[in-house]
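Visitor: below are the sequence and a predicted model for it; my questions follow.
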Amino acid sequence: MADSVPPAPSKEWVLDAETEYRFELDPDTSFAIKLVRGRAEIFGAELVQGKKYLFALECKAAVYTWQGCTIEVTGQPSTEYVSEETPMAPYANVHTALEQMRVRALSKARGSPLPPGENADSKFLEAPRVLILGPENSGKTTICKILANYAVRTGQGWTPVLANVDPTEGAWAIPGTLSAAAIPGPIQTYSPANPLGSAATTAPLALASHSLVPLVSWYGHTDTKRNPLLLDRLVRNLGENVNDRFDLSPEVKASGLIVDTPSSFASSSSPTDHRQKLIKACVNSFRINVILVVGHEKLNVEMQRAYGSYVTVVKIPKSGGVVEIDSSYRERVQRYQLHTYMYGHAVQPPAGVTGGTLGGETLSDLVLSPSSTVIKFGDLSIYQIGTENMAPSSALPINAHRQVSEMQPVPVNPASPGSGLLGSVLALLSPFNPDENERYDEEILDLSVAGFIYVTHIDVKQRKMTILSPNQGSVVGKTALIGSVEYQDQ
Ligand SMILES: Nc1ncnc2c1ncn2[C@@H]1O[C@H](COP(=O)(O)OP(=O)(O)OP(=O)(O)O)[C@@H](O)[C@H]1O
């Protein structure tokens, strides 16, 4: 009977130069955009003429054109309009400045002479290492995408590293993580479940040919205030890992780094010392040399005072297109991310649209079938870092010592009624160092994530539990970390 469904409504929009078409989708709807004439981009990623791009899961985005274009849209967005006021010109200026830094850094790395008149002071020969700060809904993640996409679009072969230290956002994995990946090609926008494009963490590598393989670490909470000490350590680890990666390749190093941060780093409702410590951890560990503050005068002044002597601090405008997303939308997006990690995307294109791609992939390639496995309690060593609902050390009375530190790995007994395991997300960690001499007490805090599993059933009597995993690999003998991220099968 599919033939009798009338095709979804289609409409053409003619966009003038330097304008953008903005749209927002309702839940359970999909949408298609085709570039008919001219040139256009979505957050810096160019559209190919004639190709049908699909969008789903309450995606909110914009098609921008520098020279003017015509697009055909199919489906019914909840909001759509064209805006003539965008901050794309200042963003492009920032890109140009970063590009000059890349070119100079590569010349230095290769020992090539600098163009005449260029400053040979080593301070001006560093690749850009950019930290993006701004309040909620200022468009930080979108700016990261635009800047990374402009870098890969130059055709210079850059592979900038994008790092996400915002655990409220799933980036390439799921909420509760920090991650970093080198970006070899344009990041597509198509669903808030994959805000930075698709990645292959545990899902089969064949899943998506455009997948990145990011480095992921598990903080385990979506609230940055929950365990700031742990967050600080993970930020430093990620910085070290990125620096190690840079040491392996002068080309990647010259491509530079862009770091996306949580809005709590800019929010006056966060304790000032936590905020400042975490910003400092980012600046130091990622060796930041440019701070971009998105539309926040006070934070800009604060950053100028704290870092202006050795870091270039620039205030950039916020786009009027950034959607004011509320907490219920955020919760839904977190659920979409957790669901997509296990099941992939099962998107139904708008009626009548065939041959569309989602994030550059054909739809049939994006559906995953996770496996549900029963394991014995002893098969997996499960820990949590610190105890639940722990106030930070700074909130304890003077001279009071906590029994369990915020950083201490505590074994979790699945048989205990208060284990909190049922419905929880567990991060499977990469193995401990095989060399006993290299092992250390807190090594578990520094292990990267190999994948995630969800606990869907616990049978205390039989001492067994059922886990959902996106791949078939055995978990026996592995170490897992629980946090406070929960999953409910939809
Ligand atoms: N110009 C635009 N037109 C339409 N939608 C946009 C535009 N810019 C950003 N958005 C959308 O607005 C939402 C919020 O943007 P973004 O995630 O970049 O903000 P953020 O500051 O990183 O958010 P957070 O508060 O989570 O840190 C996203 O869904 C994004 O796709």
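Guide: Received it, and whenever you're ready, just let me know what you need. Here the structure is a predicted model, which is why all the values come from computation and not from measurement.
Visitor: how about the residues of this protein by the ligand?
Guide: For the chain, the residues in contact with the ligand (CB under 6 Å from any ligand atom) are 22, 60-62, 134, 136-142, 169, 192, 263, 319, 321-323, 325. Every C-beta, even on glycine, is put in place using the N, C-alpha and C of the backbone.
Visitor: those in helices, which ones?
Guide: Residues of those located in helices (DSSP state H): 140-142.
Visitor: quick one: buried ones out of the residues of the chain next to the ligand?
Guide: Among those, the ones that count as buried by 16 or more other CB atoms under 10 Å are 22, 60-62, 134, 138-142, 169, 192, 263, 319, 321-322, 325.
Visitor: so when I look at residue 479, I'm seeing a strand, right?
Guide: Yes. Assessed with DSSP: H, G, I helix; E, B strand; the rest coil, residue 479 lies in a strand.
Visitor: in the stretch 301-450 of the chain, what spans have low per-residue confidence?
Guide: The model of the stretch 301-450 of the chain has pLDDT under 70 over residues 364-366, 388-404.
Visitor: returning to what we had before: now render the ones in helices among the residues of the chain next to the ligand as CSV, adding distance to residue 181.
Guide: Listed next are these as CSV, based on distance: CB to CB, whole Å:
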residue, distance to residue 181
140, 17
141, 14
142, 17
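Visitor: nearest to residue 340 among the residues you listed?
Guide: Proximity of these to residue 340 (CB to CB) peaks at residue 141, which lies at 16.7 Å.
Visitor: which residues touch the closest one?
Guide: By CB atoms under 8 Å, 6 or more residues apart in numbering, residue 141 lies in contact with 164, 166, 169, 195-196, 260.
Visitor: how does it look with 6 Å?
Guide: Residues near residue 141 by CB atoms under 6 Å, 6 or more residues apart in numbering: 195, 260.
Visitor: and the residue of this protein closest to the ligand?
Guide: Relative to the ligand, the nearest point of the chain is residue 321 (2.4 Å; CB to the nearest ligand atom).
Visitor: from residue 214, how far off is the most centrally placed residue in the chain?
Guide: Centroid check for the chain by CA atoms, centre = their mean gives residue 171 as the closest residue, at 2.1 Å. Distance, residue 171 to residue 214, by CB to CB, to the nearest Å: 7 Å.
Visitor: rewinding a little: excluding chain neighbours, what is closest to the residue nearest to the centre of the chain?
Guide: Nearest residue to residue 171, sequence neighbours excluded (CB to CB, 6 or more residues apart in numbering): residue 164, at 3.8 Å.
Visitor: ok, now residue 86?
Guide: Closest to residue 86 by CB to CB, 6+ apart is residue 20, at 5.3 Å.
Visitor: what about the closest residue to residue 439 other than its chain neighbours, how many neighbours?
Guide: Excluding its sequence neighbours, the residue lying closest to residue 439 (CB to CB, 6+ apart) is residue 433, at 5.5 Å. Per other CB atoms under 10 Å, the neighbour tally for residue 433 reads 12.
Visitor: helix or strand for residue 484, which one?
Guide: strand 478-486 (DSSP states H and E).
Visitor: for that strand, output the C-alpha coordinates as CSV.
Guide: The C-alpha trace of strand 478-486 is given here as CSV (Å, rounded to 0.1, in the frame of the first residue of the first chain):
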residue,chain,number,x,y,z
LYS,A,478,37.0,-7.2,31.1
THR,A,479,36.8,-4.2,33.4
ALA,A,480,33.8,-1.9,33.3
LEU,A,481,32.9,1.5,34.9
ILE,A,482,29.5,2.5,35.9
GLY,A,483,28.5,6.2,36.2
SER,A,484,25.1,7.8,36.5
VAL,A,485,24.0,7.5,32.9
GLU,A,486,20.9,5.3,32.5
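Visitor: may I see the buried residues of that strand?
Guide: Neighbour-count burial for strand 478-486, counted by 16+ other CB under 10 Å, picks out 478-485.
Visitor: please enumerate the helices of this structure.
Guide: Using DSSP H, helices in the chain cover 88-110, 140-153, 228-248, 250-255, 272-285, 297-307, 327-343, 443-446.
Visitor: may I see the buried residues of the first one?
Guide: The reference is to helix 88-110. 88, 91, 94-95, 98-99, 101-108.
Visitor: which strands or helices does that helix pack on?
Guide: helix 140-153, helix 250-255 (3 or more CB pairs under 6 Å, 6 or more residues apart in numbering; DSSP states H and E).
Visitor: and the longest one with helix 88-110, angle?
Guide: Orientation check (axes from the mean of the first three to the mean of the last three CA atoms, to 10 degrees): helix 140-153 against helix 88-110 gives 50 degrees.
Visitor: other residues contacting stretch 213-224?
Guide: With CB under 6 Å, 6+ apart, stretch 213-224 has contacts from 167-168, 172-173, 175-181, 199-200, 231, 234, 241, 262, 264, 427, 448-449, 481, 483-484.
Visitor: state the mean pLDDT of it.
Guide: Mean pLDDT, stretch 213-224: 92.
Visitor: how many residues are close by the spatially closest residue to residue 144 that is not a sequence neighbour?
Guide: Setting aside the residues directly before and after it, residue 144 is nearest to residue 260 in space (CB to CB, 6+ apart), at 4.6 Å. Residue 260: 26 surrounding residues under other CB under 10 Å.
Visitor: now residue 258
Guide: When neighbours are counted by other CB under 10 Å, residue 258 registers 28.
Visitor: how about stretch 177-192: buried residues?
Guide: Within stretch 177-192, the residues that count as buried by 16+ other CB under 10 Å are 177-183, 186-192.
Visitor: do stretch 55-70 as well
Guide: By neighbour count with 16+ other CB under 10 Å, stretch 55-70 contains the buried residues 55-65, 69-70.
Visitor: for residue 440, give its distance to residue 482.
Guide: Distance of residue 440 to residue 482, given as CB to CB: 22 Å.
Visitor: same question for residue 310.
Guide: Applying CB to CB, the value for residue 310 to residue 482 is 40 Å.
Visitor: what does residue 340 give?
Guide: In terms of CB to CB, residue 340 sits 21 Å off from residue 482.
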